[in-house]
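Student: 3D model of this:
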Amino acid sequence: MAPCWRWNSWNDSLRVAWPRGPAGAGRAELIMSSRLLEPEWLDTLPEADERAARSRIDLQRLNRIMGHDRILLGLLRQTRWPVRCLIELGAGDGTLLLRLARQLAPRWGSVRVILVDRQRCVTSVTGEEFNRLGWPVEVITADVADALANLERPRTDGVILLANLFLHHFSEDTLRLLLKQGAEVCARFVACEPRRSRLSLAASRLVGLLGCNGVTRHDAVASVRAGFSLRDLSALWPAGSAWDLQEGPAGMFSHVFAADRRP
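Tutor: A predicted model of the protein is given here:
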């Protein structure tokens, strides 16, 4: 039986938990069997639209509630080699990575940051905050596949690719291509995505109680239906023995994936 990687909030690390008999079977019954992709409203709105701006604020709050800052920080702190460059795919306004950078800068020193998104939502204030940390930032406004294809191809050691609430937007065929492109430019790939489960779906229908607007209420449900469970992403990662893969549930509503290139 394959192990399930589970987030341990007590020590900010991933631990392995083996399913046991009926308990494992009961948990499996809560998993929604297949992904359902539908357009998310935030992706279709102009970046200056007031509803989009409000939804981006909602997402910052939901990231904190879901513990994504803590989860991603723990995953990044597991990196065992000096980090030269950190690339976030679907970076949005860049504030999530800025919060992580503030925690990591004292230990990591200067790191080059590349923020990739189809819309340019990163403000000058956010850019200045990165620079104040000694983390020079580059913003690429482009489709992620195009951005990865056009990245300079220096050595991959010291390069981390990060995705937060982003990969679930894509079909399996597109994800297979994106993950292949990502594997060609990094030594570590880290993602935190919605968990596709009945519990997550039920919770997504309650985000209006937190004051989230209509865009966020729609997109929260859509993101869970398109989310991941079990080893969905591992199955799409390029085949071969050059990588160590970890994947599984994190917190109550999230799903993590990490790929590490072997020395």
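Student: hey, let's count contacts and neighbours off CA atoms from now on
Tutor: Fine.
Student: Tell me where the model's unsure across the chain.
Tutor: 1-31, 153-154 (pLDDT under 70).
Student: can you pull out the strands in it?
Tutor: Secondary structure of the chain (DSSP state E): strands at 4-8, 13-17, 85-89, 112-117, 137-141, 159-164, 188-194, 243-250, 254-261.
Student: now the residue nearest the centre of the chain: how far from residue 97?
Tutor: Closest residue to the average C-alpha location of the chain: residue 164 at 2.1 Å, with CA atoms, centre = their mean. Separation of residue 164 from residue 97 (CA to CA, to the nearest Å): 10 Å.
Student: residues shared between the contacts of the two?
Tutor: Listed as contacting both residue 164 and residue 97 by CA atoms under 8 Å, 6 or more residues apart in numbering are residue 91.
Student: If we go by neighbour counts, what in the longest helix anywhere in the chain is buried?
Tutor: Counting residues, the longest helix found in the chain (DSSP state H) is helix 50-66. Going by neighbour count (16 or more other CA atoms under 10 Å), the buried part of helix 50-66 is 51, 52, 53, 55, 56, 58, 59, 62, 66.
Student: The last one reaches residue 251, doesn't it?
Tutor: Right, residue 66. Yes. Contact criterion CA atoms under 8 Å: residue 66 and residue 251 qualify, at 7.2 Å.
Student: returning to what we had before: tell me which two in the buried residues of helix 50-66 are the farthest apart.
Tutor: By the measure CA to CA, 51 and 66 form the most distant pair in the buried residues of helix 50-66, at 21.8 Å.
Student: number of nearby residues for residue 39?
Tutor: 12 (other CA atoms under 10 Å).
Student: do you know how far the nearest residue to residue 145 once chain neighbours are set aside is from residue 233?
Tutor: Nearest residue to residue 145 in three dimensions, chain neighbours excluded: residue 178, at 6.2 Å (CA to CA, 6 or more residues apart in numbering). Taking CA to CA as the measure, residue 178 falls 11 Å from residue 233.
Student: Repeat that for residue 34.
Tutor: 13 Å.
Student: How many residues are close by the residue nearest to residue 145?
Tutor: So residue 178, with other CA under 10 Å, has 20 neighbours.
Student: Excluding chain neighbours, what is closest to the residue nearest to the centre of the chain?
Tutor: According to CA to CA, 6+ apart, the nearest residue to residue 164 is residue 192 (4.9 Å).
Student: And the contacts of stretch 164-179?
Tutor: 37, 89-91, 144-145, 191-194, 223, 226-228, 236-238.
Student: same thing but 7 Å
Tutor: 90, 145, 191, 192, 193, 194, 223, 226, 227, 236, 237 (CA atoms under 7 Å, 6 or more residues apart in numbering).
Student: Can you give me the buried ones in that stretch?
Tutor: 164, 165, 166, 167, 168, 169, 172, 175, 176, 178, 179.
Student: Do me a favour and get the end-to-end distance for it?
Tutor: 14 Å.
Student: how far does that stretch sit from the chain's center?
Tutor: 11 Å (CA atoms, centre = their mean, to the nearest Å).
Student: So which residues of the stretch 1-150 of the chain form helices?
Tutor: 21-29, 41-44, 50-66, 68-77, 95-108, 124-132, 144-150 (DSSP state H, counting those that start in this stretch).
Student: most packed of these?
Tutor: helix 68-77 (a mean of 19; mean count of other CA atoms under 10 Å).
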